[in-house]
Each structure stands twice: as structure tokens, then as C-alpha cells.
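> how would this look folded up:
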Amino acid sequence: MPTPLPAIDMDRLRRLLDGVNAFGANAATGGHNRIGYSDADMAAREWLAGEMMADGLAVSRDAVANLFGRFGPAEGPCVMVGSHLDTVPEGGAFDGSLGVSVALECVRAMKDAGIDPKTAVTVVATAEEEGRFGGMLGSQTIAGRVTRDWIDRASDADGIRLVDAMSAQGLDAYGALDAAWPPGAIKAFLELHIEQGPILERVDIPLGIVTAISGVCFLQVRFDGVANHSGTTPMDMRADAFAGLASVAAGIPALIGRFGTEESRVTIGKVDVQPNFAHTIPGVAEFSVIIRDTSEEVMRALREGIVRDIEIAAKAHGLAHTMAEKSWLSPVALDGGLQEILMGEAHTLGIEALSMPSGAGHDAQTMQSLCPSGLIFIPSRGGISHAPSEWSDRADIEKGAQLLLNALLRLAG
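Predicted structure coming up:
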């Protein structure tokens, strides 16, 4: 009889995921707060390093706090597998942390089965994927995609500089410039992630095999008008910064209609209005604009279009304006060979899988510039993510985890 393949231990996986999510948990809201380079984020990494060491993995960290656990040969290339540990403020329990937990569970399942891979498997928990500072610093560091100019400029929505946030955790941001993995060191990169959207649930298919990942353009915009009394200032004599912001927001559907596709997303997500008082006309409006599409040409057209809309709104409302591009991540087509492997293994398992693009950014898109990369999606209940109510069902997690394990066995020999 053929030797049975190693299997995922779902109870052990659940305990591991719960262990990660103990860090930064908010009992009052059900949300999780492991913001990149926060104390909770760093503590979770330290705890996970202990888990890896207890499993006998060779554990290491790099300059930006990427965490690695290597299983198998100490020399030669590896298959890298994992995701990120950081969250957005009040984020969910599955985004990123599930992918890291499944990666380590796959190695544990291999060890239980007495498998010694011919090619090493390296579990990774990447740092600062959620874009607090405008990029995906962890995977960009591994892939050698970080520049000194970007580090110099990088800051979060509250004005905290990347170099200062990392320094507070004993890290040197400029160490990212010398921490890239050399070409050939990573044979392939695999990531499991929740879909963060409604498609898989809507079509009732338990797995997604991602073909391409949307790019992300992050613009920071400021309108400066005149704060004044809301009762005494005539409507035609106002320089209302919020009115300018509202004009830009209202124009987004028409903007997408002119330049976009079905994959286009334009979002005003972070807004700060000053003085922010009921009886005062807003004198300042600062806001983020996030542009996404799977086509770089479309992204650039949308960027040019919204810049024009910002200029028109400023002129119409008597406002000064400034704009800065905080980051640009190009859209990426993932490796076709890995897509075939993942589809083939799903077929072997008797599990239906859907080829689909991703509207959200993931480490796999950055890693594709260094090595072949693949991304597995499992459904998100209600399509909800980046919120405390984020949820994926146990049965779907098990299917995705087993597919990842089978693909690792095939790639690592």
C-alpha cells in the first residue's frame, strides 16, 4: 500500500493561531492590534521564534525583524513559505497570521511523518506587510526592493518616521539595504491567505489559486483653506477644505468609469479634518488616496485622473493643495508553473479551486520579483477583513492547509 501523505493537525494549528493572536488582542472589541513595529508585534515575533526553536528549526532574524525558521538541509536553496504577523488597527484574527501558522503546521506535519526534505523549507513571518509606512517592508527587504530614498521619506499616517519606529525597537531601518537574499537562494515562495473578499463564498468554491495581484499607489493629499465661523461666513466666500475633499470623493465613480476596469479600486481611507469642530468651517483636510488595479497602465491613468480632480477641486473651493506619493507597488502576474502545481494538487485532493486575481496586496507579489511565487486563497465569511468580525471556517482552512502541505512536499522533495 502507498504511504499516506502527512496530514494537517487542525487542533494543533488552532492552538498556534490562538497563541499568535494573544498578542495585541482587544477583549472589548474582538480586534487585534499588532501594528508594524509596535510592542505587540515584536512580542508576537519573539513568541513565535520560541515555538520554532522548540520544533528544532534553525531560527534567524534579519535587519527589519523578518523571522525565519529553516527545516532541512543547512546549505543550498530553500522553499520559503509563510505570510505576515502585523495587523491593521483593530484587525482580524486571520489576515496574515493564519498563513504563518499554517506554514509552521506544514513543517510540523512533515516532521511527524519523518520526512527529511531534500530542499530546505523556510517558514517566514514577514514584517510590516500592512503598509503602516506605505510599503511591504519585510518582503521588499528579502527581495532587495528597498531604496535609501524611500527609507528617508517613509512615515505613517500620524507622522511617525519609519527610522524612529524601528529605532524604538532596537532596529536600524537602513539595514534593509543590505539584507536582500541572493538570486537562487529561494527556489519558490508560497503563501496561504484569506481572500479578504466575497468571491469564493459567493461561488461556493473553497480554494482560490491567485493568478495576479493588483498594484497599489498610495497618495497623501492636503487641502488648505480658511477656518472660519460657520454662521457668519457666506457660502460663496468660504475656502472649505472639507468641501474640496468631498468633491474629490464624489468624483471617484466617474473617474473609474473614464479610466478604470472591473478590477479598479480607488479609496479615500484615512481623513483628518481640522479644526474638526461643529461650528467651524474646516481649514485643513488631509486624506489618503489608494489606487489599485491589475494593470499598471490603468493605475497610471487613474493616478493622473485623480490628480486632475484634486487640482480642479482646489481651484473650485479656493484651496491650496499638496500631494505626495508615499509608495507605488506595481501589479504582478504570479508564476504560471506554481499555479499549475497548486491546481494539480487541488485536483488530486478532490477539492475544487478557482483561478482568480487578488485585489489586495500580498507578500507574494513582492517575492515574485526574486523567485517564482504562488498564493492560495481560502474564503472569508461575508467577504469581511481588516475588522474584528473577520472569519474563515475550519473546513476551508483545513483544505487550504492540506493543499499548501502537498505543494511543499512536491517542491521540497
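
> so where do the helices sit in the chain?
10-21, 39-54, 97-112, 137-143, 148-153, 162-167, 199-203, 241-250, 252-259, 296-316, 336-349, 363-367, 394-412 (DSSP state H).

> elements contacting the fourth one?
Applying 3 or more C-beta pairs under 8 Å, 6 or more residues apart in numbering; DSSP states H and E, one finds that helix 137-143 contacts strand 120-126, helix 363-367. Any C-beta I mention is one placed from the backbone N, CA and C, and that applies to glycine too.

> one more pass at 7 Å, please.
With contacts taken as 3 or more C-beta pairs under 7 Å, 6 or more residues apart in numbering; DSSP states H and E, helix 137-143 sits against helix 363-367.

> what residues does Thr366 make contact with?
Listed by C-beta atoms under 7 Å, 6 or more residues apart in numbering, the contact set of Thr366 reads 136, 139-140, 143, 145.

> who wins for most neighbours among these?
The most crowded member of the contacts of Thr366, judged by other C-beta atoms under 10 Å, is Ser139 (33 neighbours).

> OK, contacts around that residue?
Contacts of Ser139 (C-beta under 7 Å, 6+ apart): 126, 129, 363, 366-367.

> measure it to Arg381 for me?
Distance, Ser139 to Arg381, using C-beta to C-beta, to the nearest Å: 27 Å.

> likewise Ala154?
34 Å.

> re earlier: so can I have TSV of the helices of the chain showing distance to Gly72 and mean pLDDT?
Listed next are the helices of the chain as TSV, based on distance: least, C-beta to C-beta, whole Å; pLDDT from 0 to 100:
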stretch	distance to Gly72	mean pLDDT
helix 10-21	20	98
helix 39-54	13	98
helix 97-112	9	98
helix 137-143	19	98
helix 148-153	33	95
helix 162-167	31	98
helix 199-203	32	97
helix 241-250	51	98
helix 252-259	47	98
helix 296-316	37	98
helix 336-349	19	98
helix 363-367	19	96
helix 394-412	7	97
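
> for those, which one sits closest to Cys78?
Of all these, it is helix 394-412 that lies closest to Cys78, at 8.3 Å by C-beta to C-beta.

> what comes up buried for the closest one?
For helix 394-412, burial by neighbour count (16 or more other C-beta atoms under 10 Å) applies to 396-409, 411-412.

> Arg132 and Ile35 touch, don't they?
Yes. Using C-beta atoms under 7 Å, Arg132 is in contact with Ile35, at 5.9 Å.

> neighbour count: the two, which is higher?
Ranked by neighbour count (other C-beta under 10 Å), Arg132 and Ile35 place Arg132 first, with 25 against 20.

> for the closest residue to the more buried one other than its chain neighbours, give me its contacts.
Nearest residue to Arg132, sequence neighbours excluded (C-beta to C-beta, 6 or more residues apart in numbering): Gly36, at 4.3 Å. Shown in contact with Gly36 (C-beta under 7 Å, 6+ apart): 86, 127-128, 130, 132.

> against Ala154, how distant is Gly36?
For Gly36, the distance to Ala154 - C-beta to C-beta - is 11 Å.

> now, which of the contacts of Thr366 sits nearest Ser230?
The closest of the contacts of Thr366 to Ser230 turns out to be Met136 (C-beta to C-beta; 42.1 Å).

> leaving out the residues flanking it, which one is nearest to Thr126?
Thr126's closest residue in space is Gly138 (C-beta to C-beta, 6+ apart), at 3.3 Å.

> measure the one you found to Gly96 for me?
Taken as C-beta to C-beta, the span from Gly138 to Gly96 is 10 Å.

> thinking again about what came up before, more neighbours: which of Ala154 and Arg381?
A count of neighbours by other C-beta under 10 Å puts Ala154 above the other of Ala154 and Arg381, at 23 against 16.

> quick one, what contacts the closest residue to Cys217 other than its chain neighbours?
In this structure, Cys217 finds its nearest non-sequential neighbour in Ile291, 4.2 Å apart by C-beta to C-beta, 6+ apart. Contacts for Ile291 (C-beta under 7 Å, 6+ apart) come out as 217, 266, 299, 302-303.

> and Gln402, by the same measure?
By C-beta under 7 Å, 6+ apart, the contact list for Gln402 reads 7-8, 349.

> do Asp112 as well
Asp112 makes contacts with Pro6, as judged by C-beta under 7 Å, 6+ apart.

> same check, this time on Ala93
Ala93 makes contact with 21, 32, 390 under the criterion C-beta under 7 Å, 6+ apart.

> now do Asp236
No contacts exist for Asp236 under C-beta under 7 Å, 6+ apart.

> check what pLDDT it gets.
Looking at Asp236, its pLDDT is 95.

> kindly report the same for the one 4 residues further on.
Asp240 is assigned a predicted lDDT (pLDDT) of 98.

> that one: neighbour count?
Neighbours of Asp240 (other C-beta under 10 Å): 24.

> that one and Gly225 touch, don't they?
Yes. With contact defined as C-beta under 7 Å, Asp240 reaches Gly225; the gap is 5.7 Å.

> who touches both of those two?
With C-beta under 7 Å, 6+ apart, Asp240 and Gly225 have common neighbours His317.

> run a quick neighbour tally on the closest residue to Asp62 other than its chain neighbours.
If the residues on either side of it in the chain are set aside, Asp62 comes closest to Ala179, at 4.6 Å by C-beta to C-beta, 6+ apart. By other C-beta under 10 Å, 15 other residues sit near Ala179.

> still on that earlier bit, could you single out the nearest of the contacts of Ser139 to Ser230?
Glu129 (41.9 Å).

> quick one, what contacts the closest one?
Listed by C-beta under 7 Å, 6+ apart, the contact set of Glu129 reads 84, 86, 96, 136, 138-139, 363.
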